[in-house]
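Peer 1: pasting the structure only:
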């Protein structure tokens, strides 16, 4: 990339006074280069699923309980032996460098300063494990793999992730090719920097490559045996990410998956799919507590976290709001948005009459017309 | 508060020619200082629940009965021994001084001039009991308590309310912390005057304090025993306000509550909750007439009063339209809006073929798509 | 009314090239004085019921039948011994003089030139029976009574209507007081001319009187005995107009009513009522063909006529589109709009695979989401 | 048609870089003469059915299957002995010359260059069989008949179509008269060129004639015997096009129809009908695989093709997007849009976890609220 068309990612590092996580997108739009912003904010096709991911939370109403003897709600929970101070973590997202020059290291530092949560590292990270560790400073991390067509390279990547300290592997199954991202096609968007983790299996570093190109060079033929391969080779718990049906949840559990990750990739892959929240409850019913459920796609409010937990999720993962906060304030922005969600969730828990995360999970929601 | 940034509340006193209660908000917006207006008009979060409180009335249609032999419909009803000329009363609202310099005394005078209804006095009133009595002139009143963390202070407040003549106590259970009011946060809104009733438990008078601060200093850990405490100490009937579930209605009745107040605090507390009207019918079914039900949140038309009564409410409480009328015309404005609702309800009753409030309560509504 | 503020009703007489009956309202708005236009076009309250009257037709879809051997569909039908060439008639509407200087006489002439349908004459007509007869020229007519509080005057009116040749009486039961017409209140609307038929029981001719005033001087306490009184005194078949429930249809049939008129008065009376189309099917089920059903409120397309007939109506009555056409083209405009609906209905019948009105009535509709 | 008011159809021939098939309409609007554009893009009545044809796809969500072992999805299928490389074909559409000077020959050439699909030739084509064959070059074609009132002429047309190589006849049953096309009426639209195939039964060539006129001269009284007549006379498989009810599908199968074509003519005929997609599933249930089902009306995305196949269609037909592409790029534009849909469908199949068209047809959709 020549100097002239260099991607000018935001660089500011500052605390954010977040009023709500929705307007963060508008603010980020003002400072992030157009192509990068559209890549981060956009969805596939008509963006029907993208919009519905948020609006579907309005299909169910929280029924606040009165006189429930609640004070200082406790947001702590556990997953795979990690003690979390909040039931939400960082969602795996590619190419944080589009949002901020500090790349994934900035996000990692924000998370480590907040503490008590988990960083998900995408194989499509623009930063190396070493760079991310500078920010993460030993805090918990999970590794999201995009598999190579070559299993030796997959082993190689898993070795590195494990050496880096990943405590679980997230197998991304909903992105074997790129969704139909009209915005990126129109912008002729290419990544302005390389992807050190997966560059071993790309014809190039990732820099100046399109999403279609990179996805195309990754593995398409993912099947249930890949869960077993990753689990056996790494010895780590494995999530299947992208689950949207009870059938898939049951099949994955049958082959030994350690966690179900309900997601539609933030409305970025198959448009015309239901909102992630719309499929959560029926999946949770068949999972029946046998393995934990992580939920993502559409979380913008503490109320959304509450509704996802009350519908069967064990923890939720937050994506775009963190990325927009990274753009707006670097690692301090990331810390700010985690604090915002923590405060917002505590407020919702107090008002809903729920003292603990267990209370939240047992709360009854009302189907709205 | 210095002279320069003094809050300039409207001062005019005049009769209002009210065409509908919806546009009162627009008119009030023109004359009430921005921060005060947003505090009064705003809701929490996305204001989903705020909007839905009004729009949910469209989920059910009134089925007017023809040739029903009705003339001069009779709007009289009773509650706790009070003979009311209309089935609606003043909802408890904090800080009327934001709307008009006459504060709660202005509202009280409007109500007393209208006659045959009940003033709800909020513990977060900006006027003292003595000031309010100047307007209320012996008319019936209920007292809405926001409890202190110190029960001695609560007894102290209840003593005063009783001495003032309150004939019932409304225990506010849905506001143990402030809702997430984006508008107030953005405006950095603080009350421009003190709150004489609760100032005994605040670090300050209330003046220049935020809602968050004041709520935070009030009691969070409200439980069913508080109903019993208030009832036994005051000897007065107690309402539990904020009920949105059959479960809570049953639990409160089990400990001896005297009335159920179905409300979501006008969409100001927990956003993402159903409309108040959406939960009314199922609560009324379990209450089954054992105690009276007061309904608030969203009333803007005589049709809304009709639908609430036909869905199980015994009386309804009206909030924002009264406050906006206070802003626009002082006590005369308040009287005007009560007269507007009386006339509007009589018209609806005539057209619906219902001679009495009992007829209204027995009317069948149609579920609309 | 002085010369200065004289109401300048349109005067033009011309054929209309009607593309659709919806835009007639926009065209009429340009030439009818503001107060008169709002009176004609407006509804009550939020105009929720007004809008829903039209949009509710989208709740059911026509299922066109293929290869149904249809050509030149036959729109003829009968009611009370009248042979109609189309299954639609003129709805009873007050004060046609607001639309055109020819008043009801213009409407009547348009109808008589079209032929094969029925004129409904409102007791609130601005023209006398004699003036209307100049246009109607012996064609069939029904008389819509607004009853006086004095039964001698009612007899007097019925005598005149019968002498004029009315073949049925329509008892308006849904308008014992005026709906809450915000537009008229805002415009301080009064009728610019008198009402010769009911002036005998008004304190004044009707000129310069508000709708509220006129309704208020009419009879409120209408009950089922009024059906019997009118029937026995006039010896004519009687419709109960304004029926919106199966209960009322059954009650009216029990006392000998001759026809049920399903209507919500065009959304002008009780706002918050269901669309007229929404209640039609369940009423038709209980009427079960014992008496004919006339349907009005919301008809704007041939498709709407089809859906009403397929839902149980025997004939439909059309109101505002006729009045707007009267404004735009006098009697020729009225003839044009009747021809428009005839052609539109024939087209719909052909495309739906229905040769006769009986076929239409037997057609199955699909409930849409 | 004089030189001055000559219809200037677009002439450009070029490949299109199609981002989505929805914006093709906007681009075509800029270059196609107004009357011709409105004719192509418009629907009947309120265009309710036109809009709903597309939006109804959002009533069902695709449930993507994870880890389904899919790579390079196979879009091949068969119908009536034709091997298709994609499960979509060209819908029968009149008057391609409105879009491009190359008329149907341009469309045919685009299709033949794409290969592996079927051209539907409308009897209302502006090009002759010979002209179309220049583009089609021996590729498969079906012929859509609009019947004459004279069966000898129908035999004559069928003879020609058969001689031209048609391998099936599509009997259009949903267009015995023209839909109520407000746009065309307003534009006083007439065809700017003749229709060589049906001119034998028109009073004129078709040039300067309105759609109403042409439809009126075609046969109205189509019934099930016409299916038998066409089948016996031509010896070719016959589709009944326009089926929207299970009743009609069953009746047509009972008389020996060879295929059911579910369509509402793109929302151009009977407005107020359900979306074509809304009726597909229940028709497919009664057809139960006895004859193939072709589906059209509303296809704009690969997701739509997927949902139609998963709801019971065997192949889908695409109309307006092809015509707009013809306008924008002549035959190369047509080839581009077929390639676009092929790529889009393959992407959807990969992401949905479906390797073959059989997998797609077995996929479960989720009813959305």
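Peer 2: That came through, no problem. Bear in mind the structure is a predicted one, so any value in this text is a computation, not a measurement.
Peer 1: can you give me the strands in the stretch 1-150 of chain A?
Peer 2: Along the stretch 1-150 of chain A, the stretches classed as strands by DSSP state E, counting those that start in this stretch are A:60-62, A:77-79, A:82-84, A:88-90, A:119-122, A:141-145.
Peer 1: would you turn those into TSV with distance to chain C?
Peer 2: Using the backbone N, CA and C atoms, a C-beta is placed for each residue, glycine as well. Output for these, formatted as TSV (distance: least, CB to the nearest CB, whole Å):
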stretch	distance to chain C
strand A:60-62	19
strand A:77-79	38
strand A:82-84	41
strand A:88-90	34
strand A:119-122	38
strand A:141-145	38
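Peer 1: can you list those in JSON lines and add mean neighbour count and mean pLDDT?
Peer 2: What follows is these, written out as JSON lines (neighbours: other CB atoms under 10 Å in any protein chain shown; pLDDT from 0 to 100):
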{"stretch": "strand A:60-62", "mean neighbour count": "24", "mean pLDDT": "98"}
{"stretch": "strand A:77-79", "mean neighbour count": "18", "mean pLDDT": "98"}
{"stretch": "strand A:82-84", "mean neighbour count": "15", "mean pLDDT": "98"}
{"stretch": "strand A:88-90", "mean neighbour count": "26", "mean pLDDT": "98"}
{"stretch": "strand A:119-122", "mean neighbour count": "25", "mean pLDDT": "98"}
{"stretch": "strand A:141-145", "mean neighbour count": "26", "mean pLDDT": "98"}
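Peer 1: and these as JSON lines, adding distance to residue D:314?
Peer 2: JSON lines is the format used below for these (distance: least, CB to CB, whole Å):
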{"stretch": "strand A:60-62", "distance to residue D:314": "38"}
{"stretch": "strand A:77-79", "distance to residue D:314": "47"}
{"stretch": "strand A:82-84", "distance to residue D:314": "51"}
{"stretch": "strand A:88-90", "distance to residue D:314": "46"}
{"stretch": "strand A:119-122", "distance to residue D:314": "41"}
{"stretch": "strand A:141-145", "distance to residue D:314": "39"}
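Peer 1: Out of these, the one nearest residue B:44 is which?
Peer 2: strand A:60-62 (11.7 Å; CB to CB).
Peer 1: Distance of the residue of the stretch 251-369 of chain A found nearest chain C relative to residue C:297?
Peer 2: Of all residues in the stretch 251-369 of chain A, the one sitting closest to chain C is residue A:369 (12.3 Å; CB to the nearest CB). Going from residue A:369 to residue C:297 by CB to CB, to the nearest Å gives 24 Å.
Peer 1: What of residue A:300?
Peer 2: Relative to residue C:297, and taking CB to CB, residue A:300 is found at 42 Å.
Peer 1: what about stretch A:337-356 and chain B, any contact?
Peer 2: Yes - Stretch A:337-356 reaches chain B (CB under 8 Å from any CB of the partner chain) through A:344, A:347-348, A:350-352.
Peer 1: Please state the offset of that stretch from the chain centre?
Peer 2: Centroid separation for stretch A:337-356 versus its chain: 20 Å, with CA atoms, centre = their mean, to the nearest Å.
Peer 1: which of residue A:369 and residue C:297 has more neighbours?
Peer 2: Counted by other CB atoms under 10 Å in any protein chain shown, residue A:369 and residue C:297 do not tie: residue C:297 has more neighbours, with 30 against 13.
Peer 1: Would you double-check that that one falls in a helix?
Peer 2: No - counting by DSSP: H, G, I helix; E, B strand; the rest coil, one finds residue C:297 to be coil, located in no helix.
Peer 1: hmm, back to that, of the residues of stretch A:337-356 next to chain B, which is the most crowded?
Peer 2: For these, neighbours tallied by other CB under 10 Å; top is residue A:351, 32 neighbours.
Peer 1: can you confirm residue A:317 is in a helix?
Peer 2: No - Residue A:317: not assigned to a helix; according to three-state DSSP it is strand.
Peer 1: Which helix runs longest in chain A?
Peer 2: Longest helix of chain A, by residue count under DSSP state H: helix A:320-352.
Peer 1: Mean confidence (pLDDT) on that one, please.
Peer 2: Average pLDDT, helix A:320-352: 98.
Peer 1: Quick check: what element follows that helix along the chain?
Peer 2: helix A:357-362 (DSSP states H and E).
Peer 1: neighbouring contacts of that following helix?
Peer 2: A:74-77, A:87, A:306, A:309-310, A:312, A:314, A:349, A:352-354 (CB atoms under 8 Å, 6 or more residues apart in numbering or on different chains).
Peer 1: go again using 10 Å as the cut-off
Peer 2: A:62, A:65, A:68, A:70, A:73-78, A:84, A:86-87, A:284, A:305-315, A:345, A:348-349, A:352-354, A:356 (CB atoms under 10 Å, 6 or more residues apart in numbering or on different chains).
Peer 1: What's the first helix or strand after it?
Peer 2: Next along from helix A:357-362, by DSSP H and E: strand A:365-367.
Peer 1: now that following strand: mean pLDDT?
Peer 2: 98.
Peer 1: wait, does that strand make contact with chain C?
Peer 2: No - judged by CB under 10 Å from any CB of the partner chain, strand A:365-367 stays clear of chain C, getting no closer than 15.9 Å.
Peer 1: Check which residues of that strand are buried.
Peer 2: Within strand A:365-367, the residues scored as buried using 16 or more other CB atoms under 10 Å in any protein chain shown are A:365-366.
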